[in-house]
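*Asks:* Quick check, what structure comes out for this input:
(one chain, ligands or ions: 1)
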Amino acid sequence: MTEENDVPCLEGPFSQDVESVLISADEIQDRVRGLGRRIDEHFAGKDLLLIAVLKGSVIFLADLMRAISIPHEVDFLATSSYGVSTRSSGIVRILKDLNEPIEGRHVLLVEDIIDSGHTLAYLSRLFRARNPASLEIVTLLDKPSRREVDIDVFWTGFSVPNEFVIGYGLDFNQRYRNLPFIGVLKPEVYESIS
Ligand code: PRP
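*Replies:* Presented below is the predicted three-dimensional model:
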């Protein structure tokens, strides 16, 4: 996160909604390549399965897969929290479960962001009960200031402040996922809707 990103060159239909660029597209790509190399080393010779939590992680997953050179497979999981109050209680509903069993496999959970930690705490418990050979977590973003439960994260792309971040898969009201960078949403955008 360099200073020059505070003065972003914003273009496109959403540019008026973005306060600033927190992490540029180039910085993301550099970091993802680095994560890919570490994953290659760590899982060399192992039966690696990437599990992405829909929807936010799909852009990260797509780039991360191409930064990993060892053979691997992917599977997807869709979750839904029951809103703010139930999320803080740690209840996560599974909308779409995995297609394949994970028993005996080396699983890497791929997330776009860890906020309270409840989603990953729940999924870690769920998956450990299915007896994988190993279970690790890689997240592009981490918001440690919002953590409510401890999460053992193996790799983190970037630690971010407590701002409303959008882009590179992250949404507000299902929009902005297609931005190639991580930006901060202008407060007037979410204040006008919520
Ligand atoms: C986001 C993110 C994580 C979760 C993190 O998903 O992708 O799955 O929230 O929050 P937590 O640490 O407080 O549990 P979201 O529910 O926004 O759905 P989306 O991925 O479809 O945007």
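*Asks:* Make sure residue 94 is actually in contact with residue 78.
*Replies:* Yes. Counting by CB atoms under 8 Å, residue 78 is a contact partner of residue 94 at 7.4 Å. Where you see a C-beta, it was placed from the backbone N, CA and C, and this is true even at glycine.
*Asks:* The lengthiest helix in the chain - contacts with which helices or strands?
*Replies:* Longest helix of the chain, by residue count under DSSP state H: helix 25-42. Counting contacts by 3 or more CB pairs under 8 Å, 6 or more residues apart in numbering; DSSP states H and E, helix 25-42 is packed against helix 58-67, strand 134-142, strand 155-159.
*Asks:* Would you check how far apart residue 137 and residue 37 are?
*Replies:* 18 Å (CB to CB, to the nearest Å).
*Asks:* again, but for residue 71
*Replies:* 16 Å.
*Asks:* follow-up on the earlier one: right, so the helices and strands packed on helix 25-42: which one is the most enclosed?
*Replies:* Highest mean neighbour count of these: strand 134-142, a mean of 21 (counted as mean count of other CB atoms under 10 Å).
*Asks:* what are the ranges of the strands in the protein?
*Replies:* 18-23, 48-54, 72-81, 92-96, 106-114, 134-142, 155-159, 165-166, 182-185 (DSSP state E).
*Asks:* who touches the residue positioned nearest the centre of the chain in this structure?
*Replies:* For the chain, the residue nearest the mean C-alpha position is residue 112 (0.9 Å; CA atoms, centre = their mean). Contacts for residue 112 were tallied using CB atoms under 8 Å, 6 or more residues apart in numbering; they are 53, 56, 57, 59, 60, 139, 140, 141, 168, 169, 170.
*Asks:* now, the most widely separated pair of the residues you listed?
*Replies:* Of all pairs drawn from the contacts of residue 112, the widest gap by CB to CB lies between 53 and 168 and measures 14.8 Å.
*Asks:* wait, does stretch 105-112 make contact with the ligand?
*Replies:* Yes. Stretch 105-112 is in contact with the ligand by CB under 6 Å from any ligand atom, via 111, 112.
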